[in-house]
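Sequence and predicted structure below; questions after.
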Amino acid sequence: MLDLRRIRTEPDVVRAGLARRGVEPDELDRVLELDERQRALAAERDDLRNRIKGLSKQVGTLHKEGRGDEAAQVQAESRALGEREQELAAETAQLGDEVRDLLLRIPNLPHPDAPDGASDADNPVVRVVGFDPDGYGPHQRIPHWELGPRYGILDNERAVKISGAMFTMQRKGGATLARALLQYGLDRNVDQYEEVRPPSLVTTETLTATGQLPKFADDAYSVARDDLWAIPTAEVPLTSIHRDEIIDTAELPLRFMAATACYRREAGSAGRDTRGMLRTHEFDKVEVFAYATPEQAPDLLAEMVARTEATIGSLGLAYRTLEICTGDMGQSHHRSFDVEVYAPGTDQWLEVSSISWFADYQARRGNIRYRPGGGGTAMVHTLNGSALAVPRVWAAIVETYHRPDGGIDVPSALLPYFRGSDRIA
RNA sequence: GGAGCGGUGGCAGAGCGGACGAUUGCACCGGUCUUGAAAACCGGCGACCCGCAAGGGUUCGAGGGUUCGAAUCCCUCCCGCUCCGCCA
């Protein structure tokens, strides 16, 4: 959510920022218009309340002095004002709701340094590490959806029987690999990040704070009977840890990490990338998250990117990092980077991490504040990223570590998690 | 799920129809004293909205209602605690 005051005071700056994202916000004018009416009505309403208060005090005094007749007169006057006040209050509240609804749908402003662009085709590649297109043997050019069933480590046929399309099931070394990656992702970050095991079902309010609602309701699984939603990422509950709180400034930055299952309906992507482990309704992920001051945020963003890159690199996988252009950014993003791993069998760069700085956009939705130096309160900045998304890394490992003589090796970094074995299959 | 009791400022905890935005303690900030600190004493101190300001309004779990007037009374819901039931 953008700062309404900012929209009011520098509408041109806001308009220009949104234009960079290719958004033509008619909503902006509507917000300004409604806001102005809302404030005018609120002033009128407050004035009435003030007068009613004054009259009520008179009534009390008159009664005490035994002047009942006069009191009755003032009461009648006050009652009349009260009726008008109720009307105004209802109108004002409704306008306020309308403004907020509109505000929730307006996306964040991009960072000045974020590259301009229209779509994901315009995302500049920032780094490519460990990639040699000619460095892979024919045994590594087999996609994991063939290797998986061949070695009995991926059984999607039965997953579909159990839960339907786009659900997966790993078995034996494949299941171990999935769990090992989760543990490894946590272990890589435990030096700086507090481990959290948050709830997987959350309230509407929690899902709104992160920006998934109201705009992306179709993408989330809902448990309608209990008015709960399945989290699409741990970012959702982590962002709400300090919702409606004022964080002690000395504690910032506050860093959290969580390994959770993530649930996504993937509405609108039916039939795309549905093979193997590329796109699934349920997957595991280690997420890192931080609350920070605006001053701390840029360094934290860089740190999160560097950590994710190092984790992927430590698994012996090739990766590249892209900066997301204005036309491809998520609605809450201020600046973000993607890390993609190279899967030789699939012969694709697979997005395994999206690391984003939200500025105060989410904090405003969630009312998450701190006390800056000069006094008063201000919204914190939030950042988050995937430290390790399991399925696609799983795919890249299975393909990359397939041996010429058959079998799949365990990357050396994961050996401690494999109960003494050095083979996935 | 049933019964009982509760939800008040960063925390603790008063108030239970009329000067209550709310006594008080702790915490926090400033000052006096001190070589410095502690103690003691003095002063300040919730958040949000509108306003250049003066000031006004909101806010005592949430939402309704009664009343001239609600932290205080009534209703619904949410959350917590204790006991019972159920349960991995």
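Nice, thanks for sending it over.

When you work out contacts or count neighbours from here on, use the C-alpha atoms and nothing else.
OK.

On the three-state scheme, residue A:128 is what?
Secondary structure, DSSP: H, G, I helix; E, B strand; the rest coil: residue A:128 is strand.

swap that for residue A:406, please
On the three-state scheme (three-state DSSP), residue A:406 is labelled coil.

swap in residue A:369?
Going by three-state DSSP, the secondary structure assigned to residue A:369 is strand.

Repeat that for residue A:287.
For residue A:287, the reduced secondary structure class is strand; criterion used: three-state DSSP.

What are the buried residues along stretch A:56-70?
Residues of stretch A:56-70 classed as buried by neighbour count (16 or more other Cα atoms under 10 Å): A:56, A:58, A:59, A:62.

can you tell if that stretch touches RNA strand B?
Yes. Contact check for stretch A:56-70 against RNA strand B, using Cα under 7 Å from any atom of the strand: residues in range are A:56, A:57, A:58, A:59, A:60, A:61, A:63.

Identify the residue nearest residue A:206 in space, chain neighbours excluded?
Beyond its immediate neighbours in the sequence, the residue positioned closest to residue A:206 (Cα to Cα, 6 or more residues apart in numbering) is residue A:240, lying 6.2 Å away.

still on that earlier bit, could you dump the buried residues of stretch A:56-70 into JSON lines with secondary structure added?
JSON lines is the format used below for the buried residues of stretch A:56-70 (three-state DSSP):
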{"residue": "A:56", "secondary structure": "helix"}
{"residue": "A:58", "secondary structure": "helix"}
{"residue": "A:59", "secondary structure": "helix"}
{"residue": "A:62", "secondary structure": "helix"}
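
wait, which of the residues you listed is closest to residue A:111?
For residue A:111, the closest of the buried residues of stretch A:56-70 turns out to be residue A:56, at 52.3 Å, with distances computed as Cα to Cα.

What helix or strand is residue A:90 located in?
In this assignment (DSSP states H and E), residue A:90 forms part of helix A:68-105.

what's that helix packed up against?
In terms of contacts (3 or more Cα pairs under 8 Å, 6 or more residues apart in numbering; DSSP states H and E), helix A:68-105 is packed against helix A:26-64.

mind listing what's buried in the helix it packs on?
Judged by neighbour count (16+ other Cα under 10 Å), helix A:26-64 contains these buried residues: A:28, A:31-32, A:34-35, A:38, A:41-42, A:45, A:48-49, A:52, A:55-56, A:58-59, A:62.

my guess is residue A:246 meets residue A:372, correct?
No. Taking contact to mean Cα atoms under 8 Å, the distance of 10.9 Å between residue A:246 and residue A:372 leaves them out of contact.

wait, what's in contact with residue A:297?
Residues counted as contacts of residue A:297 (Cα atoms under 8 Å, 6 or more residues apart in numbering) are A:357, A:359, A:381, A:382, A:383.

Next: residue A:57.
Shown in contact with residue A:57 (Cα under 8 Å, 6+ apart): no residues.

Buried residues in stretch A:189-201, which are they?
In terms of neighbour count (16+ other Cα under 10 Å), stretch A:189-201 has its buried residues at A:189, A:193, A:195, A:198, A:200, A:201.

I'd like the mean pLDDT over it, please.
The predicted model gives stretch A:189-201 an average pLDDT of 94.

quick check, that stretch touching RNA strand B?
No. With Cα under 7 Å from any atom of the strand as the criterion, RNA strand B is not reached by stretch A:189-201; the gap is at least 12.5 Å.

From the opening residue of that stretch to its closing one, how far?
Counting by Cα to Cα, to the nearest Å, the length from the leading to the trailing residue of stretch A:189-201 is 25 Å.

And for stretch A:388-406?
27 Å.

Touching it from outside, list them.
Judged by Cα under 8 Å, 6+ apart, the contacts made with stretch A:388-406 from elsewhere in the structure are A:137, A:139-144, A:147, A:177-178, A:181-182, A:185, A:277-278, A:283-287, A:308, A:311, A:315, A:317, A:341-345, A:350-353, A:408-411.

low-confidence ranges in the stretch 1-150 of chain A?
In the predicted model, the stretch 1-150 of chain A carries no residue with pLDDT under 70.

Quick one: name the residues of it near RNA strand B.
Those residues of the stretch 1-150 of chain A that sit near RNA strand B, judged by Cα under 7 Å from any atom of the strand, are A:5, A:39, A:43, A:46-47, A:49-53, A:55-61, A:63, A:75-76, A:78-79, A:82.

Checking the residue in the stretch 101-250 of chain A that RNA strand B sits nearest to next. Helix, strand or coil?
Among the residues of the stretch 101-250 of chain A, residue A:246 lies closest to RNA strand B, at 6.8 Å counting by Cα to the nearest atom of the strand. Secondary structure for residue A:246, judged by three-state DSSP, is strand.

Check what pLDDT it gets.
In this prediction, residue A:246 carries a pLDDT score of 83.

Once you drop chain neighbours, what's closest to it?
Leaving out its chain neighbours, residue A:246 is closest to residue A:369 (Cα to Cα, 6+ apart), at 4.6 Å.

Could you do residue A:331 as well?
In space, residue A:331 is closest to residue A:107, 4.7 Å off (Cα to Cα, 6+ apart).

what about that neighbour, which helix or strand?
Secondary structure from DSSP H and E places residue A:107 outside every helix and strand.

So what's the residue count around it?
Other residues within reach of residue A:107, judged by other Cα atoms under 10 Å, total 22.

Wait, the residue nearest to residue A:206 touches residue A:209, no?
Yes. If you go by Cα under 8 Å, residue A:240 and residue A:209 touch, sitting 7.1 Å apart.

Please enumerate the shared neighbours of the two.
Between them, residue A:240 and residue A:209 share the contacting residues residue A:366, judged by Cα under 8 Å, 6+ apart.
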